[in-house]
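A.B. asks: What would the 3D arrangement of this be:
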Amino acid sequence: MAVSVRFNDSELGLLKEYASLYNLSISDVIRKATIEMIEDSMDVTILEAAMDHISKDKTKMYTFEEAGKELGFL
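C.D. replies: Numbers count the residues shown, from 1 in each chain. Modelled structure (predicted):
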């Protein structure tokens, strides 16, 4: 599927420089950036749901140091 995206001159210049720096096509840069943005958004949604569940569940949270001491690693 083909998609058309319009960029102003400065945006296109930035895309071209980035693509050249990493030896990618402009399409690859746009594709990767879009997928990463969607994945980041999904990660935030999952994290928020987990934190909401934890706060309602009264789950005890431990810092790395507390967990290490509790388990005898530190």
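
A.B. asks: Can you list the buried residues in stretch 28-44?
C.D. replies: Residues of stretch 28-44 classed as buried by neighbour count (16 or more other Cβ atoms under 10 Å): Val29, Ile30. Bear in mind the C-beta positions are built from the backbone N, C-alpha and C, glycine included.

A.B. asks: Off-centre distance for that stretch?
C.D. replies: Relative to its chain's centre, stretch 28-44 lies at 7 Å (Cα atoms, centre = their mean, to the nearest Å).

A.B. asks: tell me the average confidence for it?
C.D. replies: In this model, stretch 28-44 carries a mean pLDDT of 98.

A.B. asks: what's the answer for stretch 8-20, then?
C.D. replies: Here stretch 8-20 scores 98 as its mean pLDDT.

A.B. asks: List the buried residues for that stretch?
C.D. replies: Leu15, Ala19.

A.B. asks: Pull the distance from that stretch to the chain's centre.
C.D. replies: Worked out by Cα atoms, centre = their mean, stretch 8-20 lies 22 Å from the chain centre.

A.B. asks: Share the number of residues neighbouring Tyr62, please.
C.D. replies: Residues near Tyr62, counting by other Cβ atoms under 10 Å, number 11.

A.B. asks: Can you list the residue ranges for helices in this structure?
C.D. replies: 9-21, 26-57, 64-70 (DSSP state H).

A.B. asks: Of the ones you listed, which is nearest Val3?
C.D. replies: Closest to Val3 of the helices of the chain is helix 26-57 (Cβ to Cβ; 8.7 Å).

A.B. asks: In CSV, list the helices of the chain along with distance to Met1.
C.D. replies: Below are those laid out as CSV (distance: least, Cβ to Cβ, whole Å):
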stretch, distance to Met1
helix 9-21, 20
helix 26-57, 12
helix 64-70, 45
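
A.B. asks: distance of the residue most central in space within the chain from Met51?
C.D. replies: Relative to the mean C-alpha position of the chain, the nearest C-alpha, by Cα atoms, centre = their mean, is the one of Asp40, at 3.1 Å. According to Cβ to Cβ, to the nearest Å, Asp40 stands 16 Å off from Met51.
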